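Enquirer: Fold the stuff below for me.
(one chain, ligands or ions: 1)
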Amino acid sequence: MVGGAACGGEKAPGRGAFPAALADSLVARQVAFGPRVPGTDAHAAALQWMTEWLRPRADAVTLMPFRHVTLTGDTLSLTNVWASFAPDAGSRILLTAHWDSRPVAERNADPDTRGEPVPGANDGASGVAVLLALADELSRTPPGVGVDILLTDGEDWGHDPDTYETRIEDMLLGARHFATTRGSTYRPLFGILLDLVGERNARFPWEQNSLALAPEVVRRVWDVADELGHGEYFPQERGPAVNDDHVVLNEAGIRTIDIIDFDYPAWHTTEDTPDKVDAATLGAVGDVVLEVVRRLGSRP
Ligand code: ZN
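Expert: A predicted model of the protein is given here:
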C-alpha cells in the first residue's frame, strides 16, 4: 500500500491515486484525431500516437498487426497494441480496452446521418485513456506484479451495409485475433476490460457475463470500489449482459470481467463526444483498477 495519502483523514488509501485529469485530456486527444475507423488516416495517426505514448513508459511494447475479411468482402488492416510491465513476472494481470471507433452511427435519430462515424469519446477513447494514464502512473511507481495492457482494434466495426445495425461476425476482431494467437498459452491471474467508462455520473453494475464467467473477479473489483468510497459508481447489483471482448477472452480460458456503463444515451450516435465524459468518472474507474493492481503487487 502506498503511504502518505492520509491528508483527508477519512480518505481511503488509493482514492484519488489515479491521474484523472490526465485521463480526461487523453480522451480529448484521441477524439481530436477524428473517428479512429480502420482504414482512415485518423486510425493510423492514433495508433502511432498510442505507441509513442507507451514506448517510454512500459517495459515492452509490441504491435500485433492482422487482417480480417468482412462479410461484405472488404479486407481490414488492424493492429492490437500490447504493452507490458515486468514482462518476465509469472503473476500477471491483463487490462484491456478497444481503441478503434465505430464507422457508423446506427442509433442516430435521423436515418440520413446513420452512415456517419461516431466520435467515440466514451465508446473507445475512455477505456484507452484510463489505461494510458495508468501506464504513466505505473512507469513512475512500478506495480510489483506483471501488468499487460492490450488495446484491441476492430471491436466496433461490424455493421449491415444498408441498415448499419451491428453484425457480430465483424466485431470483437482484436480480441478474437488475440484469443486465436495467444489464448492457449497466455494465463494471467485474471483480466479487466474497460468499455464506456467515462460518462458523467456513470454506473457500473455487475455485467452479467462477467458474473457468470468470472464471479470471483467481479467480487474482487467491486469490493475494492466499496473500500475506496466509489460505490456510487460501482453499485453491487446486477446489470445487463453485454457481448463484448471479455466473452471472447473467457472462451479462450482468460478469466476476464467487463466494467461497462451500458446505459449511455449517446452510444453509437454522433453525440458520443468529450463533453459527455467526466474526469471524476474516469478517476473512480482508474482508482479502482490501480488499487486492484497495487494490492496484487504488495502480496508477500
Ligand atoms: Zn461500440
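
Enquirer: what's across from the residue most central in space within the chain in the sheet?
Expert: Nearest to the geometric centre of the chain sits Ala97, at 2.5 Å (C-alpha atoms, centre = their mean). The residues listed as beta-bridge partners of Ala97 by DSSP bridges are Leu151.

Enquirer: Could you check how far the residue in the stretch 151-300 of the chain that the ion sits nearest to is from Arg67?
Expert: Nearest residue of the stretch 151-300 of the chain to the ion, counting by C-beta to the ion: Asp156, 4.1 Å away. Every C-beta, even on glycine, is put in place using the N, C-alpha and C of the backbone. Here Asp156 is placed at a distance of 17 Å from Arg67 (C-beta to C-beta, to the nearest Å).

Enquirer: So which of the two has more stuff around it?
Expert: Asp156 (29 against 10; other C-beta atoms under 10 Å).

Enquirer: check contacts around that one.
Expert: Contact partners of Asp156, counting by C-beta atoms under 8 Å, 6 or more residues apart in numbering, are His98, Asp100, Ser101, Arg102, Pro103, Gly120, Asp123, Gly124, Met171.

Enquirer: between those, which is nearest the ion?
Expert: Among the contacts of Asp156, and counting by C-beta to the ion, the member closest to the ion is Asp123, at 4.2 Å.

Enquirer: unless I'm mixing things up, Gly154 is touching His68, no?
Expert: Yes. If you go by C-beta atoms under 8 Å, Gly154 and His68 touch, sitting 6.2 Å apart.

Enquirer: between the two, what contacts are shared?
Expert: Leu76, Leu78, Asp170, Leu173.

Enquirer: Start and end of stretch 254-269, how far apart?
Expert: 31 Å (C-alpha to C-alpha, to the nearest Å).

Enquirer: where along the stretch 151-300 of the chain do the helices fall?
Expert: Using DSSP state H, counting those that start in this stretch, the helices of the stretch 151-300 of the chain run over residues 173-182, 208-213, 215-227, 245-251, 279-297.

Enquirer: what helices or strands is the fourth one leaning on?
Expert: Spelled out, it's helix 245-251. strand 92-98, helix 173-182, strand 190-195, helix 208-213, strand 256-260 (3 or more C-beta pairs under 8 Å, 6 or more residues apart in numbering; DSSP states H and E).

Enquirer: rewinding a little: quick one: closest of the helices of the stretch 151-300 of the chain to Tyr233.
Expert: Across the helices of the stretch 151-300 of the chain, the minimum distance to Tyr233, taken as C-beta to C-beta, is reached by helix 279-297, at 4.4 Å.

Enquirer: Enumerate the positions of that closest one that are buried.
Expert: 279, 281-297 (16 or more other C-beta atoms under 10 Å).

Enquirer: Run through the neighbouring helices and strands of that helix.
Expert: Using 3+ C-beta pairs under 8 Å, 6+ apart: helix 279-297 touches helix 20-32, strand 92-98, helix 126-140, strand 190-195, helix 215-227, strand 256-260.

Enquirer: change it to 6 Å
Expert: Here helix 279-297 touches helix 20-32, helix 126-140, helix 215-227, going by 3 or more C-beta pairs under 6 Å, 6 or more residues apart in numbering; DSSP states H and E.

Enquirer: List of residues touching that helix?
Expert: Applying C-beta atoms under 6 Å, 6 or more residues apart in numbering, the contact partners of helix 279-297 are 14-15, 17-18, 20-21, 23-24, 130, 143-145, 197-198, 202, 221, 224-225, 228, 230, 233.

Enquirer: just the buried members of the residues you listed?
Expert: 14-15, 17-18, 20, 23-24, 130, 143-145, 197-198, 202, 221, 224-225, 228, 230, 233.

Enquirer: List the contacts of Leu95.
Expert: Leu131, Ile149, Ile192.

Enquirer: do Gly229 as well
Expert: So Gly229 contacts Ala12, Arg15 (C-beta under 6 Å, 6+ apart).

Enquirer: Number of residues surrounding Met64?
Expert: Neighbour tally, Met64, other C-beta under 10 Å: 18.

Enquirer: which residues sit in contact with it?
Expert: With C-beta under 6 Å, 6+ apart, Met64 has these contacts: Asn80, Trp82.

Enquirer: so it is in which element?
Expert: strand 60-69 (DSSP states H and E).
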